[in-house]
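Visitor: this one's sequence-less:
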């Protein structure tokens, strides 16, 4: 009886206030979309870190035949130079910092190049003999990159020392800034959603002040009077959260898995599974946000 | 109706003693129905009634004061005169009390204080032995379930039928559909609206609308009925009808506290009169008049 009555009240409230409820749904949808995007961006960063930090960290590129780098004036790197570098890496100076060393020859470099640019206009533009040979060094502590850099910066036969972590850090930096921006927008939108829910409930309470006045008079409990209003806000927010989760799912499925994955092979990208983790978070944020703003408003406008 | 013995009320209102009236008799109509449908049982029921009446310690119940005001003051704004200035009165179970006085004399404030829509600035108020002032706010709905309230402006829900308007009062305190289907027709018959269950408020006259409001106020069988100028919008004849409904409810044991401007009604009813003037009680007499004569 009571449940049926409350549900019918909720239903009539949603119908009467349709445009306001719709705006609550939309604002919640947009704000939670940004919240979800921020969470997914952070998941992407985490996933890339896991993937890349286990792999090559510092690459010591050796001189190819026609390099103009200062250490390459003598032409292509010689076997002796290569031997010196290898010895240096295992010497007592560097050994404490180095975890593993892997030598990549021209054939492998060429293969990697071809894989990386397969299907693009760069494919096949550089012949195999122009490829850099390189030592791929994994450090015990990724922060110690500078030691390797200084050690080899003036060594003959070394064209360039590249810390791939720095490249990645730049990428992560961009993603982090995007996350902050998304969170800032989400915060503003969530504030809008809360204010809008408060306004909607005020209007709804005003429209039904006759009913609630009588309810109070005949001794309906506070929670019984307030529950329909509360549910109105929560249901609207939950619908918004559902839309946000659905949109993120579509975005990841078609945008990231479908399109970006083809563009950026070799990267490990987030997938639809990650959206399944995000969806309940959005739902909880939406419900808590709507519930909190409803309760604050209700205590102000429908006092016993 | 759950645990109450069937037909505590009697079918002999004229012969009933004061105590029997107090115990009585929301069940008049129901009993009536039962007698119509099951004539064989009626003798047994009458027998049963006598036993119940004899066993009921009505004297002690009568002595319990239902409403007590003890030096109650209320000021809404410290700069202006207090709405109520240290008033004290008591009302027993089953009493009918008129609250008279000019506009702004504090009649409505008394009603709001009993309902705990307001809290007094000073003094103590108790309803059915419980302090209304110290009551925690979560208890307030339960206080109000024991008090019916009627206003000058009826306050019906325009989009609900007569039946739904009355049932609404039960619905929102969580009564079952089954109890509604018995209580609502009963109370509609008591107020003289049997057969008009499916009408909407706009299809009814002012007097009929007020009857619906009274039915809604008493459907939950409150011990107290507060009426704030219930005849204020009605013509003299209709007012008299409403008064007879209120009197009937009072006879059934409900304490009625009625604020009014209508001198004619007060004089004719000859009930207890409490007169307020500028927030003070200037007169409290049994079988009183409106006050012009005094």
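Guide: Arrived safely. Only a predicted model underlies this, so the values are computations on that prediction, with no experimental measurement involved. Numbering: from 1, shown residues only, chains lettered A, B, ... in the order given.
Visitor: Could I get the phi/psi values of the residue nearest the centre of chain B?
Guide: Centroid check for chain B by Cα atoms, centre = their mean gives residue B:225 as the closest residue, at 1.8 Å. Residue B:225 adopts backbone torsions of phi -120, psi 120, taken as degrees, to the nearest 10.
Visitor: Do you have the helices of the stretch 51-200 of chain A handy? List them.
Guide: Here the stretch 51-200 of chain A has its helices, by DSSP state H, counting those that start in this stretch, at A:79-90, A:106-116, A:145-152, A:164-207.
Visitor: returning to what we had before: if I pick the residue nearest to the centre of chain B, what's in contact with it?
Guide: Counting by Cβ atoms under 8 Å, 6 or more residues apart in numbering or on different chains, residue B:225 touches B:147-150, B:214, B:217-218, B:246, B:249-250, B:254-257. Placement of C-beta: from N, CA and C, glycine included.
Visitor: is it possible to export these to CSV including secondary structure and distance to residue A:227?
Guide: CSV is the format used below for the contacts of residue B:225 (DSSP: H, G, I helix; E, B strand; the rest coil; distance: Cβ to Cβ, whole Å):
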residue, secondary structure, distance to residue A:227
B:147, strand, 23
B:148, strand, 24
B:149, strand, 23
B:150, strand, 27
B:214, helix, 29
B:217, helix, 24
B:218, helix, 27
B:246, helix, 34
B:249, helix, 32
B:250, helix, 36
B:254, coil, 31
B:255, strand, 33
B:256, strand, 33
B:257, strand, 32
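Visitor: Quick one, which of the helices of the stretch 51-200 of chain A gets closest to chain B.
Guide: The closest of the helices of the stretch 51-200 of chain A to chain B is helix A:164-207. By Cβ to the nearest Cβ, the value is 12.1 Å.
Visitor: How is residue A:226 assigned, secondary-structure-wise?
Guide: With DSSP: H, G, I helix; E, B strand; the rest coil as the basis, residue A:226 sits in helix.
Visitor: now the nearest residue to it once chain neighbours are set aside: how far from chain B?
Guide: Closest residue in space to residue A:226, ignoring its immediate chain neighbours: residue A:298 at 4.6 Å, by Cβ to Cβ, 6 or more residues apart in numbering or on different chains. Using Cβ to the nearest Cβ, to the nearest Å, residue A:298 is found at 14 Å from chain B.
Visitor: Skipping adjacent residues, who's closest to the residue sitting furthest away from the middle of chain A in space?
Guide: The centre of chain A is farthest from one residue, residue A:218, which by Cα atoms, centre = their mean lies 53.3 Å away. Closest residue to residue A:218 apart from its sequence neighbours, by Cβ to Cβ, 6+ apart: residue B:169 at 4.1 Å.
Visitor: pretty sure the one you found contacts residue B:218?
Guide: No: in this structure, residue B:169 is not within contact of residue B:218 by Cβ atoms under 8 Å, at 9.2 Å.
Visitor: Which one's more surrounded, those two?
Guide: The neighbour comparison of residue B:169 against residue B:218 (other Cβ atoms under 10 Å in any protein chain shown) goes to residue B:169, with 27 against 24.
Visitor: Using the three-state scheme, assign that one.
Guide: On the three-state scheme (three-state DSSP), residue B:169 is labelled helix.
Visitor: per-residue confidence at it?
Guide: With respect to pLDDT, residue B:169 has a value of 93.
Visitor: and it, what is it in contact with?
Guide: Remark: with contacts taken as Cβ under 8 Å, 6+ apart, residue B:169 is in contact with A:214, A:218, B:216, B:217, B:219, B:220.
Visitor: Could you do residue B:198 as well?
Guide: Contacts for residue B:198 (Cβ under 8 Å, 6+ apart) come out as B:161, B:162, B:163.
Visitor: quick one, phi psi at it?
Guide: Note on residue B:198: backbone dihedrals following degrees, to the nearest 10 are phi -90, psi 0.
Visitor: Give me the pLDDT value at it.
Guide: pLDDT for residue B:198: 94.
Visitor: now do the one 3 residues further on
Guide: Turning to residue B:201, the model gives it a pLDDT of 95.
Visitor: Also the one 3 residues further on?
Guide: According to the prediction, residue B:204 has pLDDT 95.
Visitor: Now do the contacts for it.
Guide: Neighbours of residue B:204 in contact, by Cβ under 8 Å, 6+ apart: B:162, B:196, B:212.
Visitor: List the beta-bridge partners for the residue nearest to the centre of chain B.
Guide: Per DSSP bridges, the residues bridged to residue B:225 are residue B:148, residue B:256.
Visitor: Hmm, residue A:16 and residue A:207 touching each other?
Guide: Yes: using Cβ under 8 Å, residue A:207 is in contact with residue A:16, at 6.1 Å.
Visitor: any low-confidence regions in chain A?
Guide: Applying pLDDT under 70 to chain A flags the ranges A:1, A:53-56, A:143, A:264-267, A:302-304.
Visitor: Can you tell me which residues in chain A are near chain B?
Guide: Taking Cβ under 8 Å from any Cβ of the partner chain as the contact definition, chain A meets chain B at A:1-2, A:5, A:210-211, A:213-222, A:224-225, A:304.
Visitor: Those in strands, which ones?
Guide: Per DSSP state E, strands hold no members of these.
Visitor: buried subset of these?
Guide: The neighbour-count criterion (16 or more other Cβ atoms under 10 Å in any protein chain shown) marks A:5, A:211, A:214-222, A:224-225, A:304 among these as buried.
Visitor: Just the buried positions in the helix or strand residue A:278 falls within, please.
Guide: In the assignment (DSSP states H and E), residue A:278 maps to helix A:272-301. Buried positions in helix A:272-301, judged by neighbour count with 16+ other Cβ under 10 Å: A:274-275, A:278-279, A:282-283, A:285-287, A:289-291, A:293-294, A:297-298, A:301.
Visitor: Name all residues that make contact with the spatially most central residue of chain A.
Guide: Taking Cα atoms, centre = their mean, the centroid of chain A lies closest to residue A:41, which sits 0.6 Å from it. Residue A:41 sits next to A:175, A:178, A:179, A:182 when contact means Cβ under 8 Å, 6+ apart.
Visitor: Next one: it from residue B:240, what distance?
Guide: Distance, residue A:41 to residue B:240, by Cβ to Cβ, to the nearest Å: 77 Å.
Visitor: go on, residue A:96?
Guide: Applying Cβ to Cβ, the value for residue A:96 to residue B:240 is 108 Å.
Visitor: Compare the two (neighbour count), which wins?
Guide: residue B:240 (16 against 10).
Visitor: show me what contacts the residue nearest to that one when sequence neighbours are not counted?
Guide: Setting aside the residues directly before and after it, residue B:240 is nearest to residue B:265 in space (Cβ to Cβ, 6+ apart), at 7.5 Å. Residues near residue B:265 by Cβ under 8 Å, 6+ apart: B:231, B:239, B:240, B:243.
Visitor: Could you export those residues as CSV, including distance to residue A:120?
Guide: Listed next are these as CSV, based on distance: Cβ to Cβ, whole Å:
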residue, distance to residue A:120
B:231, 92
B:239, 94
B:240, 98
B:243, 96
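Visitor: and of those, the nearest to chain A?
Guide: residue B:231 (19.2 Å).
Visitor: Please list all residues in contact with the closest one.
Guide: Contact analysis of residue B:231 by Cβ under 8 Å, 6+ apart lists B:210, B:238, B:239, B:242, B:243, B:260, B:262, B:265.
Visitor: And for residue B:184?
Guide: Each residue near residue B:184 by Cβ under 8 Å, 6+ apart is listed here: B:163, B:166, B:167, B:170, B:197, B:215, B:219.
Visitor: what helix or strand does it sit in?
Guide: In the assignment (DSSP H and E), residue B:184 maps to helix B:177-190.
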